[in-house]
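Student: Model the following, please.
(chains A and B)
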Amino acid sequence: MRELTLDGLRTMMRSCAGVDELVDLDSDIADLSFEDLGYDSLALLEIQSRIQQTCGVKVPDDALEHMLNPAGTIAWVNSLILAAAA
Amino acid sequence: MNVLTPARLAGPAASGADGAVGPAGVAPVVTGIGVVAPTGATTEEYWAATRAGVSGLRRIDRFDADRYPVRAAGLVAGFDVKSRVPGRLVPATDRWTQLALGAAQAALDDAGVDPAEQDPFEMSVVTASSSGGNEFGQREIARLWSSGPEYVSAYQSIAWFYAATTGQLGIRHGMKGPCGVVVSEQASGLDAIGQARREMRLGVRIAVTGGTEAPIGPYALTCQIASGLLSGTGSYRPFDTRADGYLPGEGGAILVLEHPDRAPDGGYGVVAGYAAGFDPAPGSGRPPALRRTIEAALADAGLRPDEVDVVFADGAGIAERDRAEARALEAVFGAGGVPVTVPKTTTGRLYAGGASLDVATALLALRDQTIPPTMGVRPDPELHLDLVCAAERPATLRTALVLARGHDGFTSALVLRRTAGRTPGQTPGQTPGRNRKEHDDA
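Tutor: I've put the predicted structure just below:
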């Protein structure tokens, strides 16, 4: 399993859901909501499955409740990885 | 899905002197054109190539086409997805929708319409569709079988189906009036415009309509080859004794239609008449629907046959269909009675995009008073057609008739009437007050 980083998440957002013209993904986005960053629920579903494939961790079906912003998503996914490794 | 019939749509609709409103209702004005075609990724690039007879048909190079019996097609080059499609929409859409997003933005810019300044409920989107998001679907099916279901994009759910383009355009431009998609094979490019006209007669003020197609992937090509209608010699020669089928192409055109009140300068022209028909069952002995569909469209426009200045023919490139079309034209207009052209000989047949592109081409012909040529064809003299071949023909053009026929019987006809609005090279009209919300005044 691989830890999720902000740069790793940025790459996934770019490749599987694209980037809104008004958003600079390389800026400090950690605490901005996905909604403000232009990502809807379908985009988050797409990112969720990419996290699962890339990090090798099973992400439960209620993932969207935990995926409100990048920082929260990273903390939650990494806690899943720790729990799975334990 | 095709519920448009001549009985419902055609009627005596003699237009007023200004060509704006007849008894049957509004004749929408075309104020914006956006073309993405194998011969040009912008309207003026396409139009210059079309007038010059430059062909966009070439060897398919996006995948190894050597194993396919058809290896040539009209491919769009120079469509920059990055600059013409919003970044968030690229992973969520098939190429066919991306071509439409680019064309629609160009059409709105051309019309000088800013949708954000309009009443959302007075704007509609009606597009034509044929094969849907076939390239997207093929990629996701490959992922399903090679990697597993969890690798299939969530966007597969919205990217493949016929209404995807209409939906994305509606969301993108905030158009919340009645929206729809028309699927009537290669006639749907006219039927979408006919449906947009109906919505405008029910209160819509601005309609984005037309169609695009992206049918040049391995899966889509395989489906077409099964029809047996593609050319085995890699050519597309309608109305020629050598005709042996057609070549496909990608692209199309999106138009902006506006209520005549909004377009006092008349734009490129008005949609003066429209009718749709359907061929009788094979073996019934009854004639094809084309002649009566042409007559219904002319009646709808309040025009006599001798008032039609040019016909943009369907030109199937299939001997039997070409003969049937030539017979219908001779029956309505007399032998050689009207100039006929098939500029799509330079792009291939674009399915849902083809007839809309013909409408765009006809409007540009009306603007510039010239008939673009049919290329690569030696017309069969027995068909009695005045086919404009090899070089453009300057002419006085007040009206144009566009014909479209699809597999299995779809048949449509649309009449355009020139207005004085556009002259060559003119920048988009910016009539004062165009971008103010209409409902504020009501």
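
Student: packing partners for the helix of greatest length in chain B?
Tutor: Longest helix in chain B by number of residues, with DSSP state H as the criterion: helix B:95-111. Packing partners of helix B:95-111 (3 or more CB pairs under 8 Å, 6 or more residues apart in numbering or on different chains; DSSP states H and E): strand B:29-36, helix B:81-84, helix B:134-146, helix B:164-173, strand B:206-213, strand B:251-258. Yep, even glycine has a C-beta here, placed from its N, CA and C like the rest.

Student: how far does the first one sit from the chain's center?
Tutor: Same thing as strand B:29-36. 11 Å (CA atoms, centre = their mean, to the nearest Å).

Student: on that earlier part again, tell me the buried residues in the helix or strand following the longest helix of chain B?
Tutor: Using DSSP states H and E, the helix or strand that follows helix B:95-111 in sequence is strand B:123-128. Neighbour-count burial for strand B:123-128, counted by 16 or more other CB atoms under 10 Å in any protein chain shown, picks out B:M123, B:S124, B:V125, B:V126, B:T127, B:A128.

Student: cool, and stretch B:318-327?
Tutor: In terms of neighbour count (16+ other CB under 10 Å), stretch B:318-327 has its buried residues at B:I318, B:A319, B:R321, B:D322, B:R323, B:A324, B:E325, B:A326, B:R327.

Student: count of residues packed around B:A116?
Tutor: Residues within reach of B:A116, counting by other CB atoms under 10 Å in any protein chain shown, total 10.

Student: wait, isn't it in contact with B:M175?
Tutor: No: applying CB atoms under 8 Å, one finds B:A116 not in contact with B:M175, separated by 10.8 Å.

Student: by contact count, what packs against the helix or strand bottoming out on mean pLDDT in chain A?
Tutor: Scoring the helices and strands of chain A by mean pLDDT, DSSP states H and E places helix A:63-66 at the bottom, with a mean of 90. In terms of contacts (3+ CB pairs under 8 Å, 6+ apart), helix A:63-66 is packed against helix A:41-55, helix A:70-85.

Student: Those: which one's closest to B:D300?
Tutor: With CB to CB, the closest approach to B:D300 among these belongs to helix A:41-55: 42.3 Å.

Student: Name the residues that touch that closest one?
Tutor: Under the criterion CB atoms under 8 Å, 6 or more residues apart in numbering or on different chains, residues A:1-4, A:8-9, A:12-13, A:15-17, A:34, A:39, A:57-59, A:63-64, A:67, A:73, A:77, A:81, B:88, B:91-92, B:150-151, B:153-155, B:157-158 lie in contact with helix A:41-55.

Student: If we use 7 Å, what do you get?
Tutor: Residues from elsewhere that reach helix A:41-55 (CB atoms under 7 Å, 6 or more residues apart in numbering or on different chains): A:1-2, A:4, A:8, A:12-13, A:16-17, A:34, A:58-59, A:63-64, A:67, A:77, A:81, B:150-151, B:153-155.

Student: just the buried members of those residues?
Tutor: For the contacts of helix A:41-55, a burial check counting by 16+ other CB under 10 Å picks out A:4, A:8, A:12-13, A:16-17, A:34, A:59, A:63, A:67, A:77, A:81, B:151, B:153-155.

Student: quick one: which two of those residues are the most distant?
Tutor: Using CB to CB, these span at most 26.6 Å, a distance reached by A:I81 and B:Y155.

Student: Just the helices from chain B, written as ranges.
Tutor: Under DSSP H, chain B gives helices at B:6-9, B:43-52, B:81-84, B:95-111, B:134-146, B:156-159, B:164-173, B:188-201, B:218-226, B:290-301, B:319-333, B:354-368.

Student: Adding mean pLDDT and distance to B:V270 as columns, could you present those helices in CSV?
Tutor: Listed next are those as CSV, based on pLDDT from 0 to 100; distance: least, CB to CB, whole Å:
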stretch, mean pLDDT, distance to B:V270
helix B:6-9, 35, 16
helix B:43-52, 98, 19
helix B:81-84, 96, 28
helix B:95-111, 98, 14
helix B:134-146, 96, 35
helix B:156-159, 94, 35
helix B:164-173, 98, 23
helix B:188-201, 97, 10
helix B:218-226, 95, 35
helix B:290-301, 98, 9
helix B:319-333, 97, 21
helix B:354-368, 98, 10
